[in-house]
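Trainee: Quick one, what's the 3D model for this:
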Amino acid sequence: MPSDWVPEVIETKPKNRWNVIIRWAGTIIAIVILVYLFSQIGAAETWATIQRISGWRIAAVLVLVFVSRFATFGRWHSLLQVQDMHVPWQDSLRLTFAGLFASNVLPTTVGGDVVRLAGAVRIGINPALAAASLIADRLVGMAGMFLALPFAIPSFVAYLNQNGTRSSVPLFSALPFVSNAWNKTQQAFKNVFSNFKYWAKNPLILLRALGFTFIHMLATFLIVQILIEGMGESMPFGQIAGLWSLTYFITLLPISINGLGLQEVTITNLFSVVGGLQPSTSISLAILLRVVWMIGSLPGAFTLSGILSDEKKQSETVGQAEVDSDQGVKTI
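Mentor: You can find the predicted model right below:
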């Protein structure tokens with residue numbers, strides 16, 4: 001990527017407008033589906049399921065969510081330590097949490113990577129390097145989740161062998177979702193492969209970033225396991241890893257705002273129909289995970305306003321966000 005690289009977004013405004021329309025429409029549809037599923041299961045049963053979770057499990061989940069968030073920070077901070085640019089950890093930490101807050105709390109098309117890019121440019125990081133590091137950050141995260149994806153295969157084999165399910169929640173086009181997510185992943189790898197030239201001479205940085213990804217993944221899978229067991233059910237750890245990684249790739253599809261609604265509907269269906277959980281447990285899990293991610297992102301509220309106040313820098317970086325969105329990039 002040349003140092004004078006500029007996002008190719010100015011020429012694609014009509015396309016970007018349609019992307020926004022599609023995302024808002026997808027979000028609304030997903031939320032409507034989620035509300036319908038919630039009404040079918042019943043609010044009383046869902047609340048009763050959530051109430052089974054003990055206090056120590058809630059505390060453990062809160063600890064693990066911040067382990068996950070700090071691992072996400074460590075991954076991006078590692079990728080920034082190339083060339084002659086050595087970014088202070090305090091700066092990358094603030095930008096990471098600001099991006100997480102934008103992705104998980106604010107219902108806006110201005111995603112977390114836009115915020116991080118704007119903030120990185122504002123503190124003096126080369127725009128090309130900042131953009132490349134964000135893409136590499138997402139790609140390393142995708143690579144880690146991809147390694148966990150095969151653990152979902154036994155669940156799907158068992159589901160297909162049963163030729164149906166008694167669950168009251170239908171599995172809606174699960175296999176087409178997998179196919180679309182896989183195609184999107186391949187396209188993302190193809191589009192951003194050239195950006196790895198910054199780290200080609202420093203493979204240890206990539207390995208360190210992947211190590212932080214594994215920490216993030218482990219914390220996430222443990223959160224899911226603790227919540228499921230707290231609601232009185234159980235699921236093998238490998239199955240949790242596989243189904244969550246599949247959920248991750250499905251929510252990369254650019255059809256909703258920051259995965260809002262789409263993630264919840266996907267969790268509700270996959271963990272109920274394929275994973276065998278009770279519908280009340282799966283929808284409670286989906287709701288609780290959304291709340292957990294929001295809580296883990298709240299520290300970013302203290303730094304986000306300062307980043308967004310620099311309108312000039314922000315306007316220069318919106319284009320990159322649109323490009324990232326087209327590649328199915330999302331912060332989790």
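Trainee: Not counting residues beside it along the chain, what's closest to Ala120?
Mentor: Nearest residue to Ala120 in three dimensions, chain neighbours excluded: Ala130, at 3.8 Å (C-beta to C-beta, 6 or more residues apart in numbering). Where C-beta positions appear, they are placed from N, C-alpha and C, glycine not excepted.
Trainee: Run a quick check on that neighbour versus Leu117, I expect a contact.
Mentor: Yes - Ala130 is within contact range of Leu117, at 5.5 Å (criterion: C-beta atoms under 8 Å).
Trainee: more crowded one of these two?
Mentor: For Ala130 and Leu117, the more surrounded residue by other C-beta atoms under 10 Å is Leu117, and the numbers stand at 30 against 26.
Trainee: If you count contacts, what does the helix or strand harbouring that one end up packed against?
Mentor: Using DSSP states H and E, Leu117 falls within helix 112-122. On a contact count with 3 or more C-beta pairs under 8 Å, 6 or more residues apart in numbering; DSSP states H and E, helix 112-122 meets helix 89-104, helix 127-148, helix 301-308, helix 311-326.
Trainee: Go through these and find the least confident stretch.
Mentor: Ranked by mean pLDDT, these end with helix 311-326 at the bottom, a mean of 44.
Trainee: where does the chain have low pLDDT?
Mentor: Residue ranges of the chain with pLDDT under 70: 1-43, 46, 83-85, 107-110, 163-198, 200, 256, 305-332.
Trainee: could you pull out the helices for it?
Mentor: In the chain, the helices defined using DSSP state H lie at 13-41, 43-51, 55-80, 89-104, 112-122, 127-148, 153-162, 174-192, 203-230, 237-250, 262-269, 279-297, 301-308, 311-326.
Trainee: if we can go back for a sec, tell me the contacts of the residue nearest to Ala120?
Mentor: Neighbouring residues of Ala130 by C-beta atoms under 8 Å, 6 or more residues apart in numbering: Arg116, Leu117, Ala120, Val121.
Trainee: could these be laid out in a markdown table, adding distance to Ser54?
Mentor: Output for the contacts of Ala130, formatted as a markdown table (distance: C-beta to C-beta, whole Å):
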| residue | distance to Ser54 |
| --- | --- |
| Arg116 | 36 |
| Leu117 | 41 |
| Ala120 | 41 |
| Val121 | 45 |
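Trainee: which one of those is nearest Phe271?
Mentor: Nearest to Phe271 among the contacts of Ala130 is Arg116, at 30.3 Å by C-beta to C-beta.
Trainee: got the contact list for that closest one?
Mentor: Contacts of Arg116 by C-beta under 8 Å, 6+ apart are Trp76, Leu95, Thr96, Ala98, Gly99, Ala130, Leu134.
Trainee: go again using 6 Å as the cut-off
Mentor: For Arg116, the contact set (C-beta atoms under 6 Å, 6 or more residues apart in numbering) comprises Leu95, Gly99.
Trainee: residue contacts, the closest residue to Ser133 other than its chain neighbours?
Mentor: For Ser133, ignoring the flanking residues on the chain, the nearest one in space by C-beta to C-beta, 6+ apart is Leu79 at 4.6 Å. By C-beta under 6 Å, 6+ apart, the contact list for Leu79 reads Ser133, Ala136, Asp137, Ala209.
Trainee: which of the residues you listed count as buried?
Mentor: Neighbour counting with 16 or more other C-beta atoms under 10 Å marks Ser133, Ala136, Asp137, Ala209 as buried within the contacts of Leu79.
Trainee: Quickly note the distance from the last one to Leu289.
Mentor: This points to Ala209. 24 Å (C-beta to C-beta, to the nearest Å).
Trainee: Please apply the same query to the third one.
Mentor: The gap separating Asp137 from Leu289 is 22 Å, by C-beta to C-beta.
Trainee: swap in the first one?
Mentor: When distance is defined by C-beta to C-beta, Ser133 is 27 Å away from Leu289.
Trainee: quick one: contacts for the closest residue to Ser68 other than its chain neighbours?
Mentor: Once flanking residues are discounted, Ser68 sits nearest to Ala219: 4.0 Å by C-beta to C-beta, 6+ apart. Counting by C-beta under 6 Å, 6+ apart, Ala219 touches Leu64, Val67, Ser68.
Trainee: Make CSV out of the buried ones among the contacts of Leu79 and add distance to Ile295.
Mentor: Converted to CSV, the buried ones among the contacts of Leu79 look like this (distance: C-beta to C-beta, whole Å):
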residue, distance to Ile295
Ser133, 26
Ala136, 28
Asp137, 22
Ala209, 25
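Trainee: Most widely separated two among the residues you listed?
Mentor: So, the buried ones among the contacts of Leu79 by C-beta to C-beta: farthest apart are Ser133 and Ala209, at 9.7 Å.
Trainee: returning to that earlier point: which stretch among the helices of the chain is buried most, on average?
Mentor: By mean neighbour count, with neighbours taken as mean count of other C-beta atoms under 10 Å, helix 112-122 ranks first of those at a mean of 27.
Trainee: between that helix and helix 127-148, how many degrees?
Mentor: Here helix 112-122 runs at an angle of 150 degrees relative to helix 127-148 (axes from the mean of the first three to the mean of the last three C-alpha atoms, to 10 degrees).
Trainee: tilt between helix 112-122 and helix 279-297?
Mentor: Using the same axes, to 10 degrees: helix 112-122 against helix 279-297 is 10 degrees.
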